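**Q** Structure, please.
(one chain, ligands or ions: 1)
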Amino acid sequence: MGFDEMDVDTIWMDGEFVDWDDAQIHVLTHGLHYGTGIFEGVRCYDTEEGPAIFRWDEHLDRFYNSGKPYNLDIPFEKEELTAATKELIRRQDLPSCYIRPVAYYGYDMLGLNPESCPEQVAIAVWPWGAYLGEDALEKGVEVTVSSWRKYSSSQIPTNAKTAGPYVNSVLASLEAEREGYVEALLLNEQGNVAEGPGENLFLVRDGEIYTPGLAEGILGGITRDTVITLARELGYTVHDDVSISRGELNTADELFFSGTAAEVTPIRKVDNVVVGEGTRGPVTTEIQQAFFDLVERRTDDHPEWFEFVGME
Ligand SMILES: Cc1ncc(COP(=O)(O)O)c(C=O)c1O
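**A** Numbering: from 1, shown residues only. Sure thing, here's the model as predicted:
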């Protein structure tokens with residue numbers, strides 16, 4: 001579903017609430033040409049206490065940190081971005097939504113050094129259901145190991161959500177779709193498993209859980225951190241600092257993705273090799289259940305992870 005079919009009408013741009021159709025920028029914007037922007041993806045869940053933004057503080061921290069390698073100082077305080085986001089959700093009366101903050105170098109000159117360009121910020125919110133399809137959460141997805149490698153952090157910081165480098169994810173997604181898969185899995189420069197185009201990867205073997213460490217060139221996902229925390233609370237041993245070789249994908253008992261958009265999505269086949277029983281496995285099921293119970297506030301756990309919007 002495209003934006004035009006959605007019931008959303010307002011975007012926050014550089015300190016002002018503007019009509020959706022007026023949220024426009026110049027074609028010579030630095031960020032458009034060189035990808036000199038950073039962004040976040042956050043979910044706000046429908047709970048009994050009204051809309052609640054999940055792990056907003058951590059997303060905001062990552063947003064500000066993502067700008068550091070590019071000298072991009074977000075010219076608003078965290079409190080201002082929080083107030084703007086809540087107001088956007090209230091004004092458009094959204095019980096749940098996806099939140100997209102973006103900051104980028106604007107219009108001045110197109111030399112590569114962006115520092116003379118204004119630092120601009122916008123926030124949009126819109127309804128967004130299951131990212132990998134309606135069936136994906138229950139039945140799992142089929143993925144392919146991409147011929148594109150994840151870039152290494154010696155080339156581009158992998159712990160920042162920088163706009164330009166997402167072409168790496170775009171290439172992997174396009175290739176996967178062309179070949180009939182729902183999603184891709186990228187290896188890093190060393191040939192070990194890194195992550196999906198917009199998801200982290202978890203592997204289950206003999207009742208223990210493994211996920212590539214940060215040094216494998218992955219984004220330190222906030223959902224990854226949530227899954228690690230929940231799994232440990234459920235009593236699982238989680239190895240979160242390991243290398244995973246490609247071959248281990250074929251012998252895993254279970255595999256699943258984590259991500260703000262993908263939430264906790266099982267993987268049922270990798271390049272047509274069936275993972276485990278080829279269905280959502282028991283460990284994935286337990287973690288997925290714990291995840292949705294948490295984010296939809298069917299438990300009182302981790303109240304510190306929720307920012308309530310407060311509908312009037
Ligand atoms: C490349 C990549 N890896 C992992 C993730 C998952 O991160 P998070 O759980 O913070 O959404 C994302 C999504 O932001 C991503 O784009």
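
**Q** Give me the nearest residue to the residue lying farthest from the centre of the chain, chain neighbours excluded.
**A** Taking CA atoms, centre = their mean as the measure, the residue most remote from the mean C-alpha position of the chain is residue 109, 31.0 Å away. Counting by CB to CB, 6 or more residues apart in numbering, residue 116 is the residue found nearest to residue 109 once chain neighbours are left out, at 5.6 Å. Quick note: C-beta positions are derived from backbone N, CA and C, even for glycine.

**Q** My read is that residue 176 contacts residue 143, right?
**A** Yes - counting by CB atoms under 8 Å, residue 176 does reach residue 143; the two are 7.0 Å apart.

**Q** what touches both of these two?
**A** Here residue 176 and residue 143 share the contacting residues 182, 183, 184, scored by CB atoms under 8 Å, 6 or more residues apart in numbering.

**Q** so the second one sits right up against residue 175, yeah?
**A** No - no contact is recorded between residue 183 and residue 175 when judged using CB under 8 Å, the distance being 10.8 Å.

**Q** higher neighbour count, these two?
**A** Using other CB atoms under 10 Å, the more surrounded residue of residue 183 and residue 175 is residue 183, with 25 against 16.

**Q** And the pLDDT at that one?
**A** Looking at residue 183, its pLDDT stands at 98.

**Q** List the residues that contact it.
**A** 132, 141, 143, 173, 176, 196, 197, 199, 257, 262.

**Q** Grab the nearest non-local neighbour of it.
**A** Per CB to CB, 6+ apart, closest to residue 183 is residue 143, 4.8 Å.

**Q** quick one: that neighbour is in a helix?
**A** No - using DSSP: H, G, I helix; E, B strand; the rest coil, the assignment for residue 143 is strand, not a helix.

**Q** about what we covered before: and which of the contacts of residue 183 is nearest to the ligand?
**A** Among these, residue 199 lies closest to the ligand (CB to the nearest ligand atom), at 5.3 Å.

**Q** Tell me who's in contact with that closest one.
**A** Per CB under 8 Å, 6+ apart, neighbours of residue 199: 183, 221, 257, 258, 259, 261, 262, 265.

**Q** Okay, the last one and residue 232: tell me how far apart.
**A** Same thing as residue 265. According to CB to CB, to the nearest Å, residue 265 and residue 232 sit 21 Å apart.

**Q** Compare these two (neighbour count), which wins?
**A** Ranked by neighbour count (other CB under 10 Å), residue 265 and residue 232 place residue 265 first, with 29 against 13.

**Q** Quick one: residues contacting the more buried one.
**A** Neighbours of residue 265 in contact, by CB under 8 Å, 6+ apart: 131, 132, 136, 137, 140, 141, 199, 256, 257, 258.

**Q** rewinding a little: which two of the contacts of residue 199 have the greatest separation?
**A** Pairwise distances across the contacts of residue 199 (CB to CB) peak at 14.8 Å, for the pair 183 and 221.

**Q** need the contacts of residue 183 in JSON lines with pLDDT and secondary structure, can you?
**A** Shown next, in JSON lines, are those (pLDDT from 0 to 100; DSSP: H, G, I helix; E, B strand; the rest coil):
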{"residue": "132", "pLDDT": "90", "secondary structure": "coil"}
{"residue": "141", "pLDDT": "97", "secondary structure": "strand"}
{"residue": "143", "pLDDT": "98", "secondary structure": "strand"}
{"residue": "173", "pLDDT": "98", "secondary structure": "helix"}
{"residue": "176", "pLDDT": "98", "secondary structure": "helix"}
{"residue": "196", "pLDDT": "98", "secondary structure": "coil"}
{"residue": "197", "pLDDT": "98", "secondary structure": "coil"}
{"residue": "199", "pLDDT": "98", "secondary structure": "coil"}
{"residue": "257", "pLDDT": "98", "secondary structure": "strand"}
{"residue": "262", "pLDDT": "96", "secondary structure": "coil"}
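
**Q** Sort out which of the shared contacts of residue 176 and residue 143 are in strands and list them.
**A** Of the shared contacts of residue 176 and residue 143, the ones assigned to strands by DSSP state E are 183, 184.

**Q** returning to what we had before: out of the contacts of residue 199, who's nearest residue 98?
**A** Ranked by distance to residue 98 (CB to CB), the contacts of residue 199 are led by residue 261 at 7.3 Å.

**Q** For the closest one, give me its contacts.
**A** 41, 43, 98, 128, 131, 198, 199.

**Q** three-state assignment of it?
**A** coil.

**Q** Which parts of the stretch 51-200 of the chain are helices?
**A** Using DSSP state H, counting those that start in this stretch, the helices assigned to the stretch 51-200 of the chain run over residues 56-67, 78-91, 136-139, 166-178.
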